[in-house]
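Novice: Everything below, folded, please.
(one chain, ligands or ions: 1)
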Amino acid sequence: MADSLGGLSGVMHLVHTPDDAEKKANTSKCHICLRSTGLSREHVPPKSAYNNYNGLWEHLATQGNKLSSRSMRIRGGFHVKTLCADCNNRVCAPYASEYVEFVRHLVETPLLLDQSGEARVVSVRQNTLFIAKEIMTMILAIEDLPFVELHDELRHFVLHPDAVLTMPFDILAFLVPKSPETGTIAPFHGRVDSFASGFGFTGGEISWYPFGFVYAAAIGPRYRPEKMTNVNAWFSQRPSRTPGSVRLFCRVTGVESMSCALGAKRKRPQIDRLL
Ligand SMILES: [Zn+2]
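Specialist: Numbers count the residues shown, from 1 in each chain. Presented below is the predicted three-dimensional model:
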């Protein structure tokens, strides 16, 4: 079940660590509508999607030029303060409730094994376009402001309930087991595989029991992307009137956090950058 990505320690990471001024800038405007207004607390994933309890997380910290991994306590579930109250409570609320229904369905319904015995076949009765919009809301919430400002089309997709989107990167989904070490928040970054062939990567990951996804512009074969499911069609197509199904593999993580790649053994949820 758990996919080991042990070869990752040889990967060079291209990571920009925001200084205090950049951190402040990141939380100066809403990441959806870009208005400079009071920002409210946004849980990623939504609080009712099993993200509502206290926990110890491992996060990537900087000391001078050195990167290291440190433990930190997060109370009441992982959250950021990057969305305005209007986007949070009005625009994105229907997406969040659709997403919550979807992940609760994953937990409460017995999932059938597919013919290979490795993947589960999951029925999807919810509005897949709204699930996609919640996925995009979560991505924009954890990304920094330059990323958000660069991608007008992603914000437009969230701001307009009927809008569809041809994705500029792949959304690769999987099931996440309920286990103390699962949970990965890794914003967009690059990895060079000069020393660890097949581990090149450009993208990010948000995974939390029971569902996770990687958003990837490029992903090396050593991450075994064939054991993740491309759900880009949820973004580009109007939702089907008849319930569909999706085949999902179960994995602890899609691409691992940078904290783990620095040599920290995974014992708890991981976060790579705090806004
Ligand atoms: Zn807003």
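
Novice: switch to C-alpha atoms for all contacts and neighbour counts from now on
Specialist: Will do.

Novice: Around the residue of the stretch 151-275 of the chain found nearest the ion, how many other residues sit close by?
Specialist: Nearest to the ion in the stretch 151-275 of the chain, going by Cα to the ion, is Leu159, at a distance of 8.8 Å. By other Cα atoms under 10 Å, the residues close to Leu159 number 17.

Novice: and the closest residue to it other than its chain neighbours, how many neighbours does it have?
Specialist: Distance criterion Cα to Cα, 6 or more residues apart in numbering; nearest residue to Leu159, sequence neighbours excluded, is Val91 at 6.6 Å. Counted with other Cα under 10 Å, residues neighbouring Val91 total 17.

Novice: Please apply the same query to Pro243.
Specialist: Residues lying near Pro243 (other Cα under 10 Å) number 12.

Novice: any idea how far it lies from Ala233?
Specialist: The gap separating Pro243 from Ala233 is 15 Å, by Cα to Cα, to the nearest Å.

Novice: what do you get for Arg251?
Specialist: 22 Å.

Novice: and for the helix or strand hosting Glu42, what are the contacting residues?
Specialist: Per DSSP states H and E, Glu42 falls inside strand 39-43. Strand 39-43 is contacted from outside by 27-30, 51, 77-85, 88, 141, using Cα atoms under 8 Å, 6 or more residues apart in numbering.

Novice: What's the mean pLDDT across the helix or strand following that strand?
Specialist: Moving toward the C-terminus from strand 39-43, the next helix or strand (DSSP H and E) is strand 55-63. When pLDDT is averaged over strand 55-63, the result is 81.

Novice: Quick one: distance of strand 55-63 to the chain centre.
Specialist: Distance of strand 55-63 from its chain centroid, counting by Cα atoms, centre = their mean, to the nearest Å, is 17 Å.

Novice: Over to stretch 251-261?
Specialist: Mean-position distance between stretch 251-261 and its chain equals 12 Å (Cα atoms, centre = their mean).

Novice: picking that back up, over to the residue nearest to Leu159: give its phi and psi.
Specialist: Dihedral pair for Val91: phi -60, psi -50, per degrees, to the nearest 10.

Novice: Show the model's pLDDT score for it.
Specialist: 97.

Novice: separation between it and Phe130?
Specialist: For Val91, the distance to Phe130 - Cα to Cα - is 11 Å.

Novice: Looking at Arg251 and Ala233 now, which is surrounded by more residues?
Specialist: Ranked by neighbour count (other Cα under 10 Å), Arg251 and Ala233 place Arg251 first, with 22 against 17.
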